[in-house]
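Trainee: Any chance you can model this:
(one chain, ligands or ions: 1)
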Amino acid sequence: MHYMNAVLTPTSTTPTPPSPIRRTHAPGPVSRWWGLPLLSEMKRDYLGFVTRLQRTHGDISYMRLGNEHAWDLMSPDLAREALVTHADALIRWERGIEVFAQVFGQSVLVTEGATWQRQRRMLMAAFTPKQVAGYAELMTTAAQDAFDTLVPDNQPHTMVTMDALWSRVAMDVILRTLFSRSAQQQSLVAIEATQTLSATAYREMFRLFTLPDWLPLPGKAAKRKALRSLRHLIQGHITERQAAIAAQPDQQSRQDLLGRLLALRDEATGTALSSQEVFDQCMVSFQAGHETSATALLWWSRLMAEHPAAAQRARDEVRAVVGNGTPGPQHMAQLPWLTATLKEAMRLYPPVAAIMSRRTTAPLVLDGWHIPKGAMLRITPWVLHHDERWFAQAHAFRPERFLDGAPPIPKGAWMPFGAGPRVCLGQHFAMVEMTLLSAMLLQRFTLELPEGAAPCEPELHVTLRPKQAVVLRLTRVDRANPIAH
Ligand code: HEM
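Mentor: Residues are numbered from 1 along each chain as shown. The predicted structure is shown next:
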């Protein structure tokens, strides 16, 4: 194995003789000890690892990890070829699914084949632009509640830990859109539970199997408690609704996400989602739907504080389009600069920096390499998003890349929501939510970094979070005259 890889790396001075191996193994790192050193390098710094991998071995590379034959695809074309063109020959990596299933049950995030197709088809109906527009008011009410009490009345500004703010607002948004209920006192427990489960899931992904949760091992008690409290929260809302429907059958037509999930009928068979499916989809919408948006908004607010001119331009745009009123989905198309700042924030810090690995269920040919059935494919938006070939000055914050008239970005170079049939189901929901919430924040406050604030380092859990808390000084904007501020 050692020798083979030495011959196959592009840095090797030995001419590579044509051999059957060349057709099945692309260049890649030397994999000793069943790949354990590679695995621990990944665990230590996954994003650094894949970045170095691309630098050394190019856009497609191969490595052996225990029994796994893993391939990394690092160009937009290769990523799309796998996720879009060959979607039918891929399933998600079983170990990742096993870890997620413990939290998300058999929901659309986890299932495969006919079950996934049915769930996805049914759920799409609840996430169309028209349906999402119907949630906009719930989103802006949540933001208004949070922002209007943020700075005490007798003070012009205050220091705010943005992590906590966005987690609370995003959670409130998802609870209101799911259940027509605000987060209130549940939020702290639920935020903590979500973060515990994310950190646990990320750790478990690097293990070969999960030991039973009842074992008295470090972290197991916290995981059990977190799962219990989230299940209790979600089940409580569903039971309450079912009781309300039993008392008053027209309650079922309530226009929140739960109302829609209960009313969904499969076009092909006319069947509804089972009770367990309703629970699992609520759980996935709750988790996938608030942690990702909160993370994206967190990075965005940090970048806005670092780039006050870009923030002021966005504020001016919101002011020109919405005035002091409440933004809505009808304004989205008129806020190109604000949208560009959000897209650029997700480029620099994709909340899902490494999408779930895939397993090939049939042999494929990618870039001339024969990839056998059973291989593992990895796609890392982080690497695509920081590639100078698609984004000049890739490490700089330049929202203008996303404006009309800018040089076109190759398809697949920007994929914070994934690509292909398993692209994020909540993509449109997230863009509406983030645009409305960010517009409302800018209408009310300027954002500044405190003196001597350290640079922000990203850290990969399941989502890409800043290593240190993001604390900003929020100063109230004079809403009668915001430009003069
Ligand atoms: C900024 C916010 C968000 C980001 C960056 C994001 C990112 C992603 C990504 C990258 C995937 C695909 C993973 C893969 O290919 O394996 C995904 C899937 C998914 N997302 Fe999101 N997401 C966001 C918000 C949301 C919201 C708000 C919801 C729901 C309310 C949601 C629900 C889902 C679901 C259900 C899936 C699984 C779809 C399937 O497998 O068919 N996401 N998301």
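
Trainee: does any bit of stretch 272-286 sit next to the ligand?
Mentor: Yes. Stretch 272-286 is in contact with the ligand by CB under 6 Å from any ligand atom, via 284-285. C-beta coordinates here come from the backbone N, C-alpha and C atoms, glycine included.

Trainee: Buried residues, that stretch. List them.
Mentor: Across stretch 272-286, burial judged by 16 or more other CB atoms under 10 Å covers 273, 277-286.

Trainee: could I get the residues you listed as TSV with secondary structure and pLDDT?
Mentor: Listed next are the buried residues of stretch 272-286 as TSV, based on DSSP: H, G, I helix; E, B strand; the rest coil; pLDDT from 0 to 100:
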residue	secondary structure	pLDDT
Leu273	coil	83
Glu277	helix	85
Val278	helix	88
Phe279	helix	89
Asp280	helix	86
Gln281	helix	87
Cys282	helix	88
Met283	helix	85
Val284	helix	84
Ser285	helix	86
Phe286	helix	84
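
Trainee: can you pull the contacts of whichever residue of the chain sits closest to the ligand?
Mentor: Per CB to the nearest ligand atom, Gly426 is where the chain lies closest to the ligand, at 2.1 Å. By CB atoms under 8 Å, 6 or more residues apart in numbering, Gly426 lies in contact with 127, 285, 288-289, 292.

Trainee: Which pLDDT value does the model give it?
Mentor: For Gly426, the pLDDT comes out at 93.

Trainee: what separates it from Asn154, distance-wise?
Mentor: Separation of Gly426 from Asn154 (CB to CB, to the nearest Å): 39 Å.

Trainee: Please apply the same query to Pro336.
Mentor: Using CB to CB, one obtains 38 Å as the distance from Pro336 to Asn154.

Trainee: So the two - more neighbours on which side?
Mentor: A count of neighbours by other CB atoms under 10 Å puts Pro336 above the other of Pro336 and Asn154, at 14 against 5.

Trainee: what's the neighbour count on the nearest residue to that one once chain neighbours are set aside?
Mentor: Distances taken as CB to CB, 6 or more residues apart in numbering put Leu403 closest to Pro336, at 5.9 Å, once the chain neighbours are dropped. Using other CB under 10 Å, Leu403 has 12 other residues around it.

Trainee: Look up the pLDDT of Leu403 for me, please.
Mentor: pLDDT, Leu403: 97.

Trainee: Was I right to think it contacts Leu335?
Mentor: No. Counting by CB atoms under 8 Å, Leu403 stays clear of Leu335, with 11.7 Å between them.

Trainee: Write out the residues of the protein neighbouring the ligand.
Mentor: Checking the chain against the ligand by CB under 6 Å from any ligand atom, the hits are 108-109, 120, 284-285, 288-289, 292-293, 296, 351-352, 355-356, 416-418, 422, 424-426, 429-430.

Trainee: Narrow these to those in helices?
Mentor: With DSSP state H as the criterion, helices contain 120, 284-285, 288-289, 292-293, 296, 429-430 from among the residues of the chain next to the ligand.

Trainee: farthest pair in those?
Mentor: The widest separation within these, taken as CB to CB, falls between Arg120 and Ala296 and amounts to 22.7 Å.

Trainee: before we move on, the earlier item: in a markdown table: the contacts of Gly426, plus distance to Gly374.
Mentor: Below are these laid out as a markdown table (distance: CB to CB, whole Å):
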| residue | distance to Gly374 |
| --- | --- |
| Phe127 | 33 |
| Ser285 | 32 |
| Ala288 | 28 |
| Gly289 | 33 |
| Thr292 | 30 |
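
Trainee: hmm, which two among the residues you listed are most spread apart?
Mentor: The span of those, defined through CB to CB, is set by Phe127 and Thr292 at 14.2 Å.

Trainee: So which of those two has more stuff around it?
Mentor: Comparing Phe127 with Thr292 by other CB under 10 Å, the one with more neighbours is Thr292, at 24 against 19.

Trainee: Next one: the nearest residue to the more buried one once chain neighbours are set aside, what pLDDT does it get?
Mentor: Excluding the flanking residues, the one nearest Thr292 by CB to CB, 6+ apart is Pro351, at 4.5 Å. Pro351 is assigned 95 on the pLDDT scale.

Trainee: so who does Pro351 touch?
Mentor: Taking CB under 8 Å, 6+ apart, we find Pro351 in contact with 291-293, 295-296, 299, 416, 463-464.

Trainee: mind checking how far it is from Ala244?
Mentor: Distance of Pro351 to Ala244, computed by CB to CB: 34 Å.

Trainee: Glu291 and Thr196 touch, don't they?
Mentor: No. Look at Glu291 against Thr196 with CB under 8 Å: they stay out of range, at 11.8 Å.

Trainee: So the two - more neighbours on which side?
Mentor: Set Glu291 next to Thr196 and count neighbours by other CB under 10 Å: Glu291 wins out with 25 against 19.

Trainee: Show the buried residues in the ones in helices among the residues of the chain next to the ligand.
Mentor: Neighbour-count burial (16+ other CB under 10 Å) is assigned, among these, to 284-285, 288-289, 292-293, 296, 429-430.

Trainee: Quickly name whichever of these is closest to Ala26.
Mentor: Nearest member of these to Ala26, counting by CB to CB, is Thr292, at 31.4 Å.

Trainee: which ones are touching that closest one?
Mentor: Going by CB under 8 Å, 6+ apart, Thr292 touches 351-352, 426, 430, 463.

Trainee: Show me the two of those that sit farthest apart.
Mentor: Pairwise distances across these (CB to CB) peak at 13.7 Å, for the pair Gly426 and Thr463.

Trainee: buried ones in the helix or strand where Arg260 lies?
Mentor: Using DSSP states H and E, Arg260 falls within helix 257-263. Buried residues in helix 257-263, defined by neighbour count with 16+ other CB under 10 Å: 257-262.

Trainee: Equivalent analysis for stretch 117-136, please.
Mentor: Residues of stretch 117-136 classed as buried by neighbour count (16+ other CB under 10 Å): 118-119, 122-123, 126-127, 131-132, 134-136.

Trainee: Now do stretch 437-448: everything it contacts.
Mentor: Stretch 437-448 has contacts (CB under 8 Å, 6+ apart) with 139-140, 143-144, 147-148, 150-151, 169, 173, 297, 300-301, 304-305, 308, 311, 314-315, 318-319, 322, 324, 326-327, 331, 335, 338, 341-342, 472-477, 479, 482, 485.

Trainee: The stretch 351-485 of the chain: strands as residue ranges?
Mentor: Here the stretch 351-485 of the chain has its strands, by DSSP state E, counting those that start in this stretch, at 358-360, 364-366, 369-371, 376-379, 445-448, 458-460, 464-466, 471-476.

Trainee: which residues of the stretch 1-150 of the chain fall in helices?
Mentor: 2-8, 20-24, 36-44, 46-57, 76-80, 94-104, 113-124, 129-147 (DSSP state H, counting those that start in this stretch).

Trainee: which of these is buried the deepest?
Mentor: Most buried of the helices of the stretch 1-150 of the chain by mean neighbour count (mean count of other CB atoms under 10 Å) is helix 76-80; its value is a mean of 21.

Trainee: neighbouring contacts of it?
Mentor: Helix 76-80 is contacted from outside by 59-60, 73, 366-367, 379, 384, 390, 410-413, 415, 419-420, using CB under 8 Å, 6+ apart.

Trainee: What subset of those residues is buried?
Mentor: The neighbour-count test (16+ other CB under 10 Å) marks 59-60, 73, 366, 379, 384, 390, 410, 412-413, 415, 419-420 as buried among those.

Trainee: Could you dump these into TSV with pLDDT added?
Mentor: Below are the buried ones among the contacts of helix 76-80 laid out as TSV (pLDDT from 0 to 100):
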residue	pLDDT
Asp59	95
Ile60	95
Leu73	96
Leu366	91
Ile379	96
Leu384	97
Trp390	97
Pro410	96
Gly412	96
Ala413	98
Met415	97
Ala419	96
Gly420	96
